[in-house]
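>>> When you get a sec, could you give me coordinates for this:
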Amino acid sequence: MLQLSSVERRELRARAHSLNPVVSIAENGLSDSVMREIDMNLSAHELIKIRVYGDSREDREAYLARICEELGAAAVQHIGKLLVVFRPIPKAETVAVDAKKMAKTKSGPRRTKRSFQG
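Presented below is the predicted three-dimensional model:
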């Protein structure tokens, strides 16, 4: 499980303030498919919000602990029915994504002929 300092946690809470939840945990609980979805979103965004549809605070705390333990993430915040989780994207993946973006932008936008009537 990833550990954060209080300064890092505060900065991540500020970044997460404007985020919308990307994963929901409903009545079936924290199933394997939900864990895969959380893992995929952490790989893409590194900081995510998760909404839990359940009234038990103990269940929400257990979900947060399991997510952080199994996915190597850090708990940023647990407020009400929202969980905020952080896992940094490895540098190798960031470089690969940046290279793909550069390849797309070099070609430029496609231009099409337009006929004007008038």
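>>> Wait, residue 50 touches residue 20, no?
No - Residue 50 is beyond contact range of residue 20, at 11.0 Å (criterion: Cβ atoms under 8 Å). To be clear about C-beta, it is placed using only N, CA and C from the backbone, and glycine gets the same treatment.
>>> Those two: which is more packed in?
Shown here are residue 50 and residue 20; by other Cβ atoms under 10 Å, residue 50 has more neighbours (24 against 7).
>>> Confirm that residue 84 sits in a helix.
No - under DSSP: H, G, I helix; E, B strand; the rest coil, residue 84 sits outside any helix and is assigned strand.
>>> where does it sit relative to residue 4, distance-wise?
Separation of residue 84 from residue 4 (Cβ to Cβ, to the nearest Å): 11 Å.
>>> what sits in contact with each of the two?
Common neighbours of residue 84 and residue 4, counting by Cβ atoms under 8 Å, 6 or more residues apart in numbering, are 12, 76.
>>> Local confidence estimate at the closest residue in space to residue 23 that isn't next to it in sequence?
Closest residue in space to residue 23, ignoring its immediate chain neighbours: residue 50 at 4.8 Å, by Cβ to Cβ, 6 or more residues apart in numbering. Turning to residue 50, the model gives it a pLDDT of 97.
>>> Name the SS class of the spatially most central residue of the chain, please.
With distances taken as Cα atoms, centre = their mean, the chain has residue 48 as the residue nearest its mean C-alpha position (3.2 Å). With three-state DSSP as the basis, the three-state label of residue 48 is strand.
>>> show me what contacts it?
Here residue 48 is in contact with 19, 21-23, 38, 41-42, 84-85 (criterion: Cβ under 8 Å, 6+ apart).
>>> Could you check how many residues crowd around residue 23?
Using other Cβ under 10 Å, residue 23 has 20 neighbouring residues.
>>> what's the answer for residue 64, then?
Neighbour tally, residue 64, other Cβ under 10 Å: 21.
>>> again with residue 28
8.
>>> wait, what's in contact with it?
Residues in contact with residue 28 (Cβ under 8 Å, 6+ apart) are residue 34.
>>> Alright, that wraps it up for me.
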